[in-house]
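In: what's the 3D shape of this:
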Amino acid sequence: MKKFALSLILFVIIFGILLYLSPALRHKINSALPQNISQKLQGIQPQILSDKTKPLFKWKNNKGEWLISDTPPSDGTKYETLQYNPNTNVIPSESITGKK
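Out: Okay, the predicted model is just below:
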């Protein structure tokens, strides 16, 4: 298994070097790809990266527990609408955690 993994890594490295050093090989590979592949890839935008976010709804249930969902409660319970910034850093800084 180790020999196979090392052989595969070696093959990828050699192929990468050949591709980097040989413009003719690079051109041959690029010409074999569909011409509009880059245009198709540019049109794809993951929803995670979108600046538009759906609102969240926050309310307390009968037990006094806070619930947060992407759909409002259907039983007429009062709820609070939350908006959030998708670009917010979710990793706490070391000043909060005390870890380096």
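
In: Summarise which helices and strands the helix with the most length in the chain is packed against.
Out: For the chain, the longest helix by residue count, based on DSSP state H, is helix 2-21. In terms of contacts (3 or more CB pairs under 8 Å, 6 or more residues apart in numbering; DSSP states H and E), helix 2-21 is packed against helix 23-32. Placement of C-beta: from N, CA and C, glycine included.

In: List of residues touching the helix it packs on?
Out: Identification of contacts with helix 23-32 by CB atoms under 8 Å, 6 or more residues apart in numbering yields 18-20.

In: what's the pLDDT at residue 14?
Out: Among the per-residue scores, residue 14 holds a pLDDT of 90.

In: how about the contacts of helix 23-32 in CSV, adding neighbour count, distance to residue 85 and pLDDT?
Out: Putting those into CSV (neighbours: other CB atoms under 10 Å; distance: CB to CB, whole Å; pLDDT from 0 to 100) gives the following:
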residue, neighbour count, distance to residue 85, pLDDT
18, 11, 45, 79
19, 12, 40, 75
20, 10, 40, 77
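
In: Kindly state the domain boundaries assigned to this protein.
Out: Using automatic domain parsing, the domain ranges for the chain come out as 2-37, 47-89.

In: Could you check the shortest one and say which residues are buried?
Out: Neighbour-count burial for domain 2-37, counted by 16 or more other CB atoms under 10 Å, picks out no residue.

In: what about the spatially closest residue to residue 56 that is not a sequence neighbour, how many neighbours?
Out: Counting by CB to CB, 6 or more residues apart in numbering, residue 56 lies nearest to residue 82, which is 4.3 Å off, once chain neighbours are set aside. Other residues near residue 82 number 11, with proximity taken as other CB atoms under 10 Å.

In: was I right about residue 82 contacting residue 55?
Out: Yes. Counting by CB atoms under 8 Å, residue 82 does reach residue 55; the two are 6.4 Å apart.

In: Run through the protein and note the low-pLDDT ranges.
Out: Segments of the chain classed as low confidence (criterion: pLDDT under 70) are 34-52, 86-87, 89-90, 92-93, 95-100.

In: Nothing else from me, thank you.
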